[in-house]
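1. Build the 3D model from these lines:
(4 chains)
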Number of protein chains: 2
Amino acid sequence: MAEKIKRVRRTAEEARRVILDAAERRLADLGPEGIRLQDIAADIGISHPTILHHFESREGLVVALTQRTLEQLRAELFGAFTGPHARDADMHPILDRVFDVLSRQGHARLIGWMILSGAIRQSPEQGLLRDLTDLIHAMRVEESRTRGLPAPERDDTLFIVMLGAVAAFGDGLFGPLVRRAAGVTDETQIAERFRAWFAELLRSRILPSAQ
Amino acid sequence: MAEKIKRVRRTAEEARRVILDAAERRLADLGPEGIRLQDIAADIGISHPTILHHFESREGLVVALTQRTLEQLRAELFGAFTGPHARDADMHPILDRVFDVLSRQGHARLIGWMILSGAIRQSPEQGLLRDLTDLIHAMRVEESRTRGLPAPERDDTLFIVMLGAVAAFGDGLFGPLVRRAAGVTDETQIAERFRAWFAELLRSRILPSAQ
DNA sequence: TCCACTATTTTCATGATTGTAAATAGTGGC
DNA sequence: GCCACTATTTACAATCATGAAAATAGTGGA
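-> Predicted coordinates for the structure are as follows:
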């Protein structure tokens, strides 16, 4: 009667990956209360002490998940800004990719949860936006020089980057609510057109002259 | 030895208010895990069954808190957009008030938590941003007519409002993280200057002509 | 093939949290 | 001043999540 239970044995690394994937999925789908050891374990067909074995404690799991998420986000953003369209004046492809990571892939929700629950304490990705600001600012300075215009202030570039960041994160988490409050019926279409509009806005701020 | 414990008796309404205040404070400060009946009760010096008496269940408390928060936010925003500066071309005072409500008063964090935990399901404040969009769009149409320019598209106005909303919410929740990632040292000063810069950006989009 | 290692499971302990029931004590109306 | 009402408390039940301990079973190397 009692079935012979075949246990799946993974490498420690693989097991950690599978567990983190499940935790991430639950967190993105169910929200803050979604991370329960037993539920996560059930999702992937293991017993919950296995999770404790790999992460010491629930807290350890959360820390690991936070670190991995931030690292992935960093890599994604870095990829977006150093990819084939990196130096295009047209920012649509880049911004589309950023928005995609943050909203469709749910990273904005994950980071939001981490901020709210205090999982993010010290500045983890210090420098990413700083480097991006420097990159864009260099483009602007060069542009203004070739056109004989006064150079833009660095803070102006900084603000553009900050706006892009808070708007992208904000859209990922609050976007659906905002669009409902605005009485938008065709959610996805408006969301897409908003991205394009916003990309054009940023472009016009960064390089007013370029077409 | 045993002190005579004097129990404070409030009206039901007052008790609900005090409890919701405490819950709100804990949620804003401690994040998702901050809402525990015993802790909330301890904060205001009552026993936790009193909370259950007034809200039926923990779930009921969360629902009540969600509704009250949304209502407050609606009132605040409505006040900001119908106050003394309502029809100024300069949006600094209005936007300052909006940002203040969302970040300093922690409403962005509250709403963020409610979105993540699924407490917000159906569109609660349907119409607020819709009305705001109509209001601003009317201004723009009038403006363009007096100057003999082509009328702006409504979607353009909608996007401006959406940008203001996601950026304001995003700043309230993700702002500190973004500024750290951008290597900003003087956090509060940059945050304030960003607001002013953003207000000016919105203004120039809404009424390009006005000084 | 045997063995050491460790990923995994089963079983159990503990503590925390929500919720219930009954007793108690302010308060307002008569 | 008495009484009904209900806000509040005390004591307790039930559930549930984290975590510990020990047993079990793959796996890779000698």
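2. C-alpha only now, for contacts and for neighbours.
-> Will do.
3. Quick one: mean pLDDT over the longest helix along chain A.
-> Counting by DSSP state H, the longest helix found in chain A is helix A:154-181. Averaging pLDDT along helix A:154-181 yields 96.
4. And the closest residue to A:Leu158 other than its chain neighbours, how close does it get to A:Ala151?
-> Distances taken as Cα to Cα, 6 or more residues apart in numbering or on different chains put A:Thr133 closest to A:Leu158, at 5.8 Å, once the chain neighbours are dropped. According to Cα to Cα, to the nearest Å, A:Thr133 and A:Ala151 sit 15 Å apart.
5. Which one of those two is surrounded by more residues?
-> A:Thr133 (22 against 13; other Cα atoms under 10 Å in any protein chain shown).
6. For the helix or strand following the longest helix of chain A, which residues meet the burial criterion?
-> Using DSSP states H and E, the helix or strand that directly follows helix A:154-181 along the chain is helix A:187-206. Across helix A:187-206, burial judged by 16 or more other Cα atoms under 10 Å in any protein chain shown covers A:190-191, A:194-204, A:206.
7. contacting residues for A:Gly34?
-> Counting by Cα atoms under 8 Å, 6 or more residues apart in numbering or on different chains, A:Gly34 touches A:26-27.
8. which residues touch the strand or helix carrying A:Ala138?
-> Using DSSP H and E, A:Ala138 falls within helix A:128-146. The contact list for helix A:128-146, computed with Cα under 8 Å, 6+ apart, reads A:74, A:78, A:81, A:150-152, A:154, A:157-158, A:161, A:206-207, B:178, B:181-183.
9. rerun at 7 Å
-> Identification of contacts with helix A:128-146 by Cα atoms under 7 Å, 6 or more residues apart in numbering or on different chains yields A:150-152, A:154, A:157-158, A:161, A:206-207, B:181-183.
10. Quickly check the residues you listed for the two that are furthest apart.
-> A:Pro150 and B:Ala181 (28.0 Å; Cα to Cα).
11. of these two, who's got more company?
-> Of the pair A:Pro150 and B:Ala181, B:Ala181 is the one with more neighbours under other Cα under 10 Å, namely 19 against 9.
12. pretty sure that one is touching A:Gly127, no?
-> Yes. Between B:Ala181 and A:Gly127 there is a contact at 5.4 Å, judged by Cα atoms under 7 Å.
13. any idea which of the contacts of helix A:128-146 is the one closest to DNA strand D?
-> Closest to DNA strand D out of the contacts of helix A:128-146 is B:Ala181 (30.1 Å), distances taken as Cα to the nearest atom of the strand.
14. List the buried residues in the helix or strand bottoming out on mean pLDDT in chain A.
-> One helix or strand of chain A scores below all others by mean pLDDT, DSSP states H and E: helix A:92-99, with a mean of 86. Of the residues in helix A:92-99, those buried by neighbour count under the rule 16+ other Cα under 10 Å are A:92-99.
15. Please apply the same query to stretch A:104-111.
-> Within stretch A:104-111, the residues that count as buried by 16+ other Cα under 10 Å are A:106-111.
16. Pull out the buried residues from the helix or strand that contains A:Ile51.
-> For A:Ile51, the enclosing helix or strand under DSSP H and E is helix A:48-55. For helix A:48-55, the buried set under the neighbour-count rule, 16+ other Cα under 10 Å, comprises A:51, A:55.
17. what residues does chain A put near DNA strand C?
-> A:5, A:7-12, A:15, A:45-50, A:53-54 (Cα under 7 Å from any atom of the strand).
18. again, only using 10 Å
-> A:2-16, A:18-19, A:41-42, A:44-55 (Cα under 10 Å from any atom of the strand).
19. How many neighbouring residues does A:Val8 have?
-> A:Val8 has 8 neighbouring residues, counting by other Cα under 10 Å.
20. re the thing from before, show me which of the buried residues of helix A:187-206 is closest to DNA strand C.
-> A:Ala191 (36.5 Å).
21. mind checking how far the closest one is from A:Ala12?
-> 41 Å.
22. Then A:Ala80?
-> Here the criterion is Cα to Cα. By it, A:Ala80 lies 31 Å from A:Ala12.
23. More neighbours: those two, which one.
-> Each of A:Ala80 and A:Ala12 has its neighbours counted (other Cα under 10 Å); A:Ala80 has more, 19 against 10.
24. got a list of what the more buried one touches?
-> By Cα under 7 Å, 6+ apart, the residues touching A:Ala80 are A:94, A:97-98.
25. TSV for these, including distance to B:Thr69?
-> Formatted as TSV, these follow (distance: Cα to Cα, whole Å):
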residue	distance to B:Thr69
A:Ile94	36
A:Arg97	33
A:Val98	31
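26. just curious, which of the residues you listed is nearest to chain B?
-> When the contacts of A:Ala80 are ranked by distance to chain B (Cα to the nearest Cα), A:Val98 comes first, at 14.5 Å.
27. For the residue nearest to A:Pro32 when sequence neighbours are not counted, which residues are in contact?
-> Distances taken as Cα to Cα, 6+ apart put B:Ser117 closest to A:Pro32, at 5.8 Å, once the chain neighbours are dropped. B:Ser117 makes contact with A:30-32 under the criterion Cα under 7 Å, 6+ apart.
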